[in-house]
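J.: next input, structure requested:
(4 chains)
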2 protein chains.
Amino acid sequence: MRDMAATAQTSAPAAEPQPGLRERKKIKTRIAIREATYRLIERQGYDATTIEQIAEAAEVSPSTVFRYFPTKEDIVLTDEYDPLLEQELRERPADEPWFDSLRHVLRKAVGIDTSEDPEVSRLRTRLMVEVPAVRSRMMESMSVTGRLLSRAIAERSGRDPDSLEVRVFAMSLIGGLMETSLYWAETGQGDDLADLVERAVNVMEHGLVPRNPEDRGAPA
Amino acid sequence: MRDMAATAQTSAPAAEPQPGLRERKKIKTRIAIREATYRLIERQGYDATTIEQIAEAAEVSPSTVFRYFPTKEDIVLTDEYDPLLEQELRERPADEPWFDSLRHVLRKAVGIDTSEDPEVSRLRTRLMVEVPAVRSRMMESMSVTGRLLSRAIAERSGRDPDSLEVRVFAMSLIGGLMETSLYWAETGQGDDLADLVERAVNVMEHGLVPRNPEDRGAPA
DNA sequence: CCATGAAATGAGAGTAACTCTCAAAAGATG
DNA sequence: CATCTTTTGAGAGTTACTCTCATTTCATGG
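T.: Next up, the predicted model:
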């Protein structure tokens, strides 16, 4: 299980209007592998699906599969919301309270995720609770998102993004969000994810509000 | 290395004063594997150390290594502070504010970890930042600790430990603590871990306090 | 349209972490 | 000591992943 950057980078300068045949083929291959994988997993489960089968179904060689995705888990995950998140976050007014910005951005992200390809999204979260390796990989990628949050928070508050405080704050948010996804998946994905996220953000903003008003602000 | 009560449980009634030769041998084997692993990793690094080498150094067969530890990562980690944590937490006065209890318990845990076997503790956290697989495994085990926190919080506050709110709260704490360990390891383990934990808990209790008092309580 | 260079692919061999099975060894027990 | 149970070792098998190298496929300039 090596790491590696998730997205492949070409050395050529970026935005080409006509990406050229090569690039187009690469994208198609990538998609073909992904879709073949989803199909096979849906039919036989994650563990029972081998790279060889995926390669065959996608009509490429096993070597090629590994060229496109460093690990089997990465075929399933890796949808890279991070750039989107970062952009959205940067577009929020700078004086907006942090948690409000967070709410907005998350609402948008959830909206995209659940509307764009609901079945894949469901399968993915299901795998997240069922397959430890997938969950692990997910956590890893979440911690990358954590760094992103650190940067955003630092930018707004004029702090050092590498300071313990900022990092802890960011990762505690990530922890809470991760758990929200897990909760959603574990409870059968019946709830509206957006609502759950809302509730989660509330908890992270205000802590566990006591049930009896006369209790202290502390959760216990 | 006091571990011992890790996973495998015999069907026989528990506490035997003289555990019998068999049990004693098992403990010794477990320790032998662990120590051999630490030795080898320190000398050659994690990836370069194979199970075969570990088996040879511990004078057992590779099969036996896998019988004692499900994965290579588990040989390095798995020190099971959870029972200790849970007990300590339960022993705090029930009306103590939650974050104070947390502080106490963490201070104790950190104390034990850094004093008991400093070199192993250092190696472990180093591996945590260097080896993705180890970090992943660590995160997994942290999420188990999260469930433990959920239970403790629920017990105190009279909530449902499986509610979204409690779970999110607990896992955001775990996220912050995880990041604290990582920070400590990444910055060369020079800081006093207890201090870092203290600062981290403060952040999680009060949020990122603004630098200018006239700012709102929100972090940004 | 063809020659040359660069990038992507496929084939194959290799590694190492696990899994399973079964027979031998060692501790427990009466 | 005899028997039963648990632990171990040996070995074969699976599979994700790595590396290398020859071949194919696209890009480009003449």
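J.: which sections of chain A are below the confidence cut-off?
T.: Where chain A drops to pLDDT under 70, the residues are A:1-18, A:211-220.
J.: up against DNA strand C, what does it have?
T.: Within chain A, the positions adjacent to DNA strand C are A:10-11, A:22, A:25-26, A:29, A:59-61, A:63-64, A:67-68 by CB under 7 Å from any atom of the strand. C-beta: built from backbone N, CA, C; applies to glycine.
J.: those: which two are farthest apart?
T.: The most widely separated members of the residues of chain A next to DNA strand C, counting by CB to CB, are A:11 and A:59 (27.2 Å).
J.: OK, contacts around whichever residue of chain A sits closest to chain B?
T.: Of all residues in chain A, residue A:175 sits closest to chain B, at 2.2 Å by CB to the nearest CB. Residues in contact with residue A:175, defined by CB atoms under 8 Å, 6 or more residues apart in numbering or on different chains, are B:146, B:171, B:172, B:173, B:174, B:175, B:176, B:178.
J.: in strands, which of the residues you listed appear?
T.: The strands, defined by DSSP state E, take in nothing from the contacts of residue A:175.
J.: quick one: which of those residues has the most company?
T.: In terms of neighbour count, residue B:175 stands highest of those at 32 neighbours, by other CB atoms under 10 Å in any protein chain shown.
J.: any idea how far the residue nearest to that residue when sequence neighbours are not counted lies from DNA strand D?
T.: The shortest distance from residue B:175 to any residue other than its chain neighbours is 2.2 Å, reached at residue A:175 (CB to CB, 6 or more residues apart in numbering or on different chains). As judged by CB to the nearest atom of the strand, to the nearest Å, residue A:175 and DNA strand D stand 25 Å apart.
J.: still on that earlier bit, restrict the residues of chain A next to DNA strand C to contacts with DNA strand D.
T.: Contacts with DNA strand D within these, as defined by CB under 7 Å from any atom of the strand: A:22, A:25, A:63.
J.: thinking again about what came up before, in helices, which of the residues of chain A next to DNA strand C appear?
T.: Counting by DSSP state H, these place A:22, A:25, A:26, A:29, A:63, A:64, A:67, A:68 in helices.
J.: tell me, how many residues neighbour the fifth one?
T.: What that stands for is residue A:63. Residue A:63: 9 neighbours (other CB under 10 Å).
J.: ok, residue A:130 next?
T.: Taking other CB under 10 Å as the criterion, the count of residues near residue A:130 is 13.
J.: contacting residues around it?
T.: With CB under 8 Å, 6+ apart, residue A:130 has these contacts: residue A:46.
J.: what do you get for residue A:45?
T.: With CB under 8 Å, 6+ apart, residue A:45 has no contacts at all.
J.: where do the helices sit along chain A?
T.: A:20-44, A:51-58, A:62-68, A:72-76, A:82-91, A:98-116, A:118-130, A:132-157, A:164-186, A:193-206.
J.: and those helices: which comes nearest residue B:114?
T.: Using CB to CB, the nearest of these to residue B:114 is helix A:164-186, at 17.3 Å.
J.: and the closest one with helix A:132-157, angle?
T.: 140 degrees (axes from the mean of the first three to the mean of the last three CA atoms, to 10 degrees).
J.: got the angle for helix A:164-186 vs helix B:193-206?
T.: Using the same axes, to 10 degrees: helix A:164-186 against helix B:193-206 is 60 degrees.
J.: run the chain-centre distance for helix A:164-186.
T.: 12 Å (CA atoms, centre = their mean, to the nearest Å).
J.: and the angle from that helix to helix A:98-116?
T.: Using the same axes, to 10 degrees: helix A:164-186 against helix A:98-116 is 30 degrees.
J.: against residue B:153, how distant is the residue of chain A closest to chain B?
T.: 14 Å (CB to CB, to the nearest Å).
J.: cool, residue A:85 as well?
T.: Residue A:85 is 29 Å from residue B:153, by CB to CB.
J.: so for these two, which residue has more residues nearby?
T.: residue B:153 (24 against 18).
J.: return the residues in contact with the spatially closest residue to that one that is not a sequence neighbour.
T.: Leaving aside its chain neighbours, residue B:153 sits nearest to residue B:166 (5.5 Å; criterion: CB to CB, 6+ apart). Residues near residue B:166 by CB under 8 Å, 6+ apart: A:208, B:150, B:153, B:154, B:157, B:159, B:160.
J.: quick check: the fifth one touching residue B:94?
T.: So the one you mean is residue B:157. No. Using CB atoms under 8 Å as the test, residue B:157 is too far from residue B:94 to be in contact (10.4 Å).
J.: tell me which of these two has more neighbours.
T.: residue B:157 (22 against 9).
J.: name the residues of stretch A:144-162 that are buried.
T.: Buried positions in stretch A:144-162, judged by neighbour count with 16 or more other CB atoms under 10 Å in any protein chain shown: A:145-154, A:156-157, A:159, A:161.
J.: centre of the chain versus stretch A:95-110, how much separation?
T.: 16 Å.
J.: what about residue A:185, how many residues nearby?
T.: If we define neighbours as other CB under 10 Å, then residue A:185 has 19 of them.
J.: how about the contacts made by it?
T.: Residue A:185 sits in contact with A:125, A:126, A:128, A:129, where contact means CB under 8 Å, 6+ apart.
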